[in-house]
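Colleague: Sequence and predicted structure are below.
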Amino acid sequence: MCASLVNFLRAGPPPPRVAVLSDAVFFSRTIAIAAGTSTAEVVNQVGLALEALSPFPLAQLYYGYYLPPGADQALAFAAYRRRFTAEQLEEWKGAEHVLPAFAAVLGCDAQPATTVLLSAPDGLTAVHWARGPVPTMVLHRPMKPDATEEERAEARASLIKSTGEARSIVDAPSPPIPGAGRSDREVVFEAGALRSRLPAEVAAALDVRDKADLEALARSRRLGVLLWRTAIGAVAACALCAAGELALIGTGVWEAARNAKVAAQKGTVARIMEEKDLASRIDELSTKRLLPLEMVSIVAPEIAMPKNPSAIQFLRATASSSAVNTIQIDAQTTNAGEIAAYKTAIEQAPGCDRVEIKDQRTQNSVVSFTLIVTFKPGAMTPATS
């Protein structure tokens, strides 16, 4: 199903409905076109040229022209309206293009000095390219439907001779029929092995119907193309939504499997976390517990100032579990000069991080102060018994 959808999206629009007319009722001429001529001016020049060539006024002709981009001449062709019956005109209704058979092969990749021969029940048509992308000559030889192979071969040889020098002869054994294009911007025709690609704008100029009717048909065709592209967009959007839905289903299956795995490992994870918490608690109790006596023993005057331990006297020591590496000591001395020496001595003690002296005050020749000592983490270890 997915492969069919991709092929559908790649196939492009279906072949257009085309009415291919007999070459026997048309005459053609090449007309010089100046570079940069607008489309409206080209239509006027073609109309004036055909009116000058035909014994009938332009209003009594069905006509069209072939002018590929960049060409310096156009191939104009026309037919007398009364050559077509009411039944034939009725067949044109609903057709996207109405053109002579030879016009359908004008988009083939023809090299200079190439002649394309079209075979139809009512005759043979030769389209000759002398140079450039526009044919210089279109000739038709009528044939009876029951003509023999010899008669057709003779007519073929006569047409080739009439076109002049032709280095390449391409035979199309059947009238051209519309084929599937790569997009709506081109019209494709096939005649046996011959393939003709015409840009949509060029193919529109080949249509021989009334120009007012063609303008109305062009508006209808643009609406059809818009509807076609909308349908393609809707199909692509549906395919994208289906792919998204499948992705959501796959994600749900993966999420369910992941949750099941998490649930299966939940007990193991809880046990590991409990063991980790217990190990952290044991480590904290052994290495991070409050050690006030150990800290006091390091900052005691007799340790820090062995030469003059009596200069500093401790009044009170305070420690808190919120700051296990810090101790606060209220002390006093009768010699204020010893405070700075005492601070320096403590700072030199192993593991000491910083020392602060606060609230220094003097009363009755006694200096009181607060000593705050902070040790480096892990520097303090419990005293061994």
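Modeller: On my side now, so go ahead.

Colleague: hey, let's count contacts and neighbours off CA atoms from now on
Modeller: Will do.

Colleague: and residue 31, that one's in a strand?
Modeller: Yes. The assignment for residue 31 is a strand, going by DSSP: H, G, I helix; E, B strand; the rest coil.

Colleague: Count the residues that sit near it.
Modeller: For residue 31, the neighbour count with other CA atoms under 10 Å is 19.

Colleague: Quick check: bridge partners of residue 199?
Modeller: residue 186 (DSSP bridges).

Colleague: any idea how far it is from residue 117?
Modeller: 22 Å (CA to CA, to the nearest Å).

Colleague: Between the two, tell me which one has more neighbours.
Modeller: Set residue 199 next to residue 117 and count neighbours by other CA under 10 Å: residue 117 wins out with 24 against 15.

Colleague: What does the pLDDT read for residue 29?
Modeller: Looking at residue 29, its pLDDT reads 92.

Colleague: what's it in contact with, if anything?
Modeller: 75, 76, 77, 136, 137 (CA atoms under 8 Å, 6 or more residues apart in numbering).

Colleague: Who does it form a beta bridge with?
Modeller: Per DSSP bridges, the residues bridged to residue 29 are residue 76.

Colleague: Distance check, it against residue 75.
Modeller: Taken as CA to CA, the span from residue 29 to residue 75 is 6 Å.

Colleague: hey, what's in contact with both of the two?
Modeller: residue 136.

Colleague: just the strands in the stretch 101-250 of the chain please.
Modeller: 114-120, 123-129, 137-142, 168-172, 177-179, 186-191, 194-199 (DSSP state E, counting those that start in this stretch).

Colleague: can I get the ones you listed in a markdown table with mean pLDDT and distance to residue 366?
Modeller: Shown next, in a markdown table, are the strands of the stretch 101-250 of the chain (pLDDT from 0 to 100; distance: least, CA to CA, whole Å):
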| stretch | mean pLDDT | distance to residue 366 |
| --- | --- | --- |
| strand 114-120 | 91 | 127 |
| strand 123-129 | 92 | 126 |
| strand 137-142 | 92 | 131 |
| strand 168-172 | 89 | 128 |
| strand 177-179 | 88 | 116 |
| strand 186-191 | 90 | 110 |
| strand 194-199 | 91 | 112 |
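
Colleague: and of the ones you listed, who's closest to residue 300?
Modeller: strand 186-191 (102.3 Å; CA to CA).

Colleague: May I see the buried residues of that closest one?
Modeller: By neighbour count on 16 or more other CA atoms under 10 Å, the buried set for strand 186-191 is 187, 188, 189, 190, 191.

Colleague: likewise stretch 125-145?
Modeller: 125-130, 133-141, 143.

Colleague: Quick check: the two most widely separated of those?
Modeller: 133 and 143 (28.6 Å).

Colleague: what stretches of the stretch 251-385 of the chain score poorly on pLDDT?
Modeller: 283-289, 383-385 (pLDDT under 70).

Colleague: Show me where it has its helices.
Modeller: Secondary structure of the stretch 251-385 of the chain (DSSP state H, counting those that start in this stretch): helices located at 292-299, 301-304, 337-347.

Colleague: Adding mean neighbour count and distance to residue 48 as columns, could you present these in TSV?
Modeller: Listed next are the helices of the stretch 251-385 of the chain as TSV, based on neighbours: other CA atoms under 10 Å; distance: least, CA to CA, whole Å:
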stretch	mean neighbour count	distance to residue 48
helix 292-299	17	118
helix 301-304	18	123
helix 337-347	16	114
